[in-house]
Every structure is written in structure tokens, then in C-alpha cells.
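**Q** any chance you can model this:
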Amino acid sequence: MNGGLSTYKLPLTKSVIEQLNDRFISLDTETTGLSKNKDRLLEIGAVLFEKGKPVKRFQTFVNAGIAINPYAQAVNGISEKMIISAPNEKTSISMLLDFINEAVNGKTIVVGHNLKFDIGFLDEAMIRNGICAKVRYVDTLELSQSYLSLCNYKQTTVAEHFRISVDGSHRADVDSLICGQILVNILNLIRR
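**A** Numbering: from 1, shown residues only. Coordinates of the predicted model:
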């Protein structure tokens, strides 16, 4: 079965910065565990930002079809009961692709914090379901490491540095919102 998520990490050029200042989509996932090969998606969230402001949100739970690792459940708070009536993996991926369609068509950049983790899970899910997509992306973890001097670069640490609320973190749509706000703050630093 063919499928998968092709990605291209963008360098932070003047043109990319201009695009990000205009419009981007932040993305996050929650999963049943840490292995992209053994574990599955539990939740997908994304937020469309225009001119540095969140304007549209997407969130769906995913019926993973496998047990949730107790450690993952302790982190994200997602239980079997919450996902039992959720769409299956294929439907959830299709819903996400509808929301990020302009990114799949190369018009908008996707942003995430340690996005290679989320990309790995999305890629495996797309391969399993014969779905293909391609996106260009920027990673706020790498940008934070380049532009900030912190004790660590966890998303919550970076958010707190910028005085961004982390209430509700470890849920995909909230983490997408936080990530987008981090990017806006980093872009403001670069402009100085």
C-alpha cells in the first residue's frame, strides 16, 4: 500500500519569515505512546494563524484501535472512554488534511514543536491507510534552541519564557495554539 507524509524542513530565510508573519498552521498530536511503529495517534490538533493571530482551530480524537500506554494517558489525560466513539485513523487523517489543505498544496507552512515526532506518527498512519501528502515546515524547538538561552527547550518551558499560558497543555489543539504563539514571539525577536 502506497502512502506517507513527505516533508521539507525550511531554512529561516527572509522569504520564509515573511510567509510565517502572514500565515501559518501550527500542528500537534497526542499518541498512545512514544513509538511511531507500535503506537498510534490519539488526538490531532491544528491552528491557523494569520498576521500572528489564531483564526481557526481543528481538533479530533482518534480511535486508535489499541490500548493507551498508562504513561501516555498520565501525560495527555486521554482515556479509552474519550476515544471509543472517535473517528478511526483514516477518517481523522482525512479531516486533518481538509483543514491543512493549503499547506498540502504548498501555500502555507506547517509549524510544530519537535515536529519530527508528530510527522513520524502522521507518516506511519498515512502509510497504513494509503494516504499521501506533502508539507513544508518549520520547527519551533530548533528555533528556540537557536534564538533563546534556556535550561531546556520543552514547549512548556519556552512558552513560560514568553509568558504564554500553558493551561490545558498536552492536548493537541491547545499545544498547537501554544506552539503558534511561541513562533510569533520568536519572529518578533528576529525582527528586533
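
**Q** spatially, what comes nearest to Asn37 if we skip its sequence neighbours?
**A** Computed as C-beta to C-beta, 6 or more residues apart in numbering, the closest residue to Asn37 that is not its neighbour in sequence is Glu124, at 6.6 Å. From N, CA and C alone the C-beta is placed, and that goes for glycine too.

**Q** how many neighbouring residues does Lys38 have?
**A** Residues lying near Lys38 (other C-beta atoms under 10 Å) number 11.

**Q** on the three-state scheme, it is what?
**A** coil (DSSP: H, G, I helix; E, B strand; the rest coil).

**Q** and the longest helix seen in the chain, which residues are buried?
**A** In the chain, assigned by DSSP state H, the helix with the most residues is helix 172-191. Across helix 172-191, burial judged by 16 or more other C-beta atoms under 10 Å covers 172-187.

**Q** which strands and helices sit next to it?
**A** If contacts are counted by 3 or more C-beta pairs under 8 Å, 6 or more residues apart in numbering; DSSP states H and E, helix 172-191 sits against helix 14-22, strand 23-31, strand 41-50, strand 53-61, strand 109-112, helix 140-147, helix 155-161.

**Q** tilt between it and strand 23-31?
**A** 140 degrees (axes from the mean of the first three to the mean of the last three C-alpha atoms, to 10 degrees).

**Q** contact partners for Leu141?
**A** Leu141 makes contact with 113-115, 153, 155 under the criterion C-beta atoms under 8 Å, 6 or more residues apart in numbering.

**Q** kindly reformat the residues you listed as CSV and extend each row with distance to Arg163.
**A** CSV is the format used below for those (distance: C-beta to C-beta, whole Å):
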residue, distance to Arg163
His113, 17
Asn114, 21
Leu115, 23
Tyr153, 17
Gln155, 14
